[in-house]
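> Only the shape, not the letters, is given here:
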Ligand code: BGC
């Protein structure tokens, strides 16, 4: 199977984005396309949207797909920003059957993290590094010496006193819903990142997701020991990393 070029797809709570990717250098080989996440975001509806992207790019090769949940070997085990019927669905099998193409599925933040750790802002970084992807939800990817510990769900830790998770308090969708300005949002993100630092002491934190392109605006409110950088691939890190992960995992098949 040819794996030099893979269709990278990033399934999010609000949009499904895709582009053909060169797995050698992470370059987008065509313009990225975004389709709003279907509602309800059931397995069948999402699989049909993936197929739309396949047709749009006239794709005939392998596919790598980031999905906003705990994913082990293509199986989905959680669902916070997608329809609950996803739980216990074999997403890899479903997407392969719908598209008739080989598909690898992994957690979306892990995908973004892989792109950043291999080719982006964390390339060559030796040590403890985290990618925090802030969008509709909050995702996390943890690396040590460039190696991923998959499916960490650090957006779902509960806040200390309140009975809500950090994602509910500080995601980009919360910023929009509560109409927070950059100072208000930046201060919340600072609380969250300080809590992460208190628990895990990463040396480098890379901000991914939609928030990556706004880092300049909220960075004045972030006060951490760790170095904080925006994702080099900004919001494209997810599609790039999904393609890279597919290259590694589909090689054997
Ligand atoms: C999900 C994570 C995902 C994150 C970002 C969270 O709600 O539980 O798996 O990585 O959103 O999409």
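Alright, I've got the coordinates. All of these numbers come straight from a predicted model, not from anything done at the bench.

> What number of residues are in the vicinity of residue 101?
Residue 101 has 17 neighbouring residues, counting by other Cβ atoms under 10 Å. For the C-beta atoms, the positions are set from N, CA and C on the backbone; glycine is no exception.

> can you pull the contacts of it?
Counting by Cβ atoms under 8 Å, 6 or more residues apart in numbering, residue 101 touches 54, 59, 60, 61, 62, 63.

> Can I take it that it is in a helix?
No - in this structure, residue 101 is coil, not part of a helix, as judged by DSSP: H, G, I helix; E, B strand; the rest coil.

> thinking again about what came up before, which members of the contacts of residue 101 are classed as buried?
54, 59, 61, 62, 63 (16 or more other Cβ atoms under 10 Å).

> Quick check: the third one touching residue 7?
Yes - with contacts counted by Cβ atoms under 8 Å, residue 61 reaches residue 7, the gap being 6.8 Å.

> Take the contacts of residue 101 and keep only those in helices.
residue 54 (DSSP state H).

> which of the contacts of residue 101 lies closest to the ligand?
residue 63 (18.6 Å; Cβ to the nearest ligand atom).

> what bridges to that closest one?
As for beta bridges, residue 63 partners with residue 7, residue 103 under DSSP bridges.

> Looking at the buried ones among the contacts of residue 101, which two lie furthest apart in space?
54 and 62 (11.2 Å; Cβ to Cβ).

> any residues in contact with both of those two?
Shared contacts of residue 54 and residue 62, counting by Cβ under 8 Å, 6+ apart, come down to 7, 101.

> State the phi and psi torsions of the residue lying closest to residue 72 once chain neighbours are set aside.
Nearest-residue entry for residue 72: residue 151, 7.0 Å, with adjacent residues in sequence omitted and distances by Cβ to Cβ, 6 or more residues apart in numbering. Phi and psi for residue 151, reported as degrees, to the nearest 10, are phi 60, psi 30.
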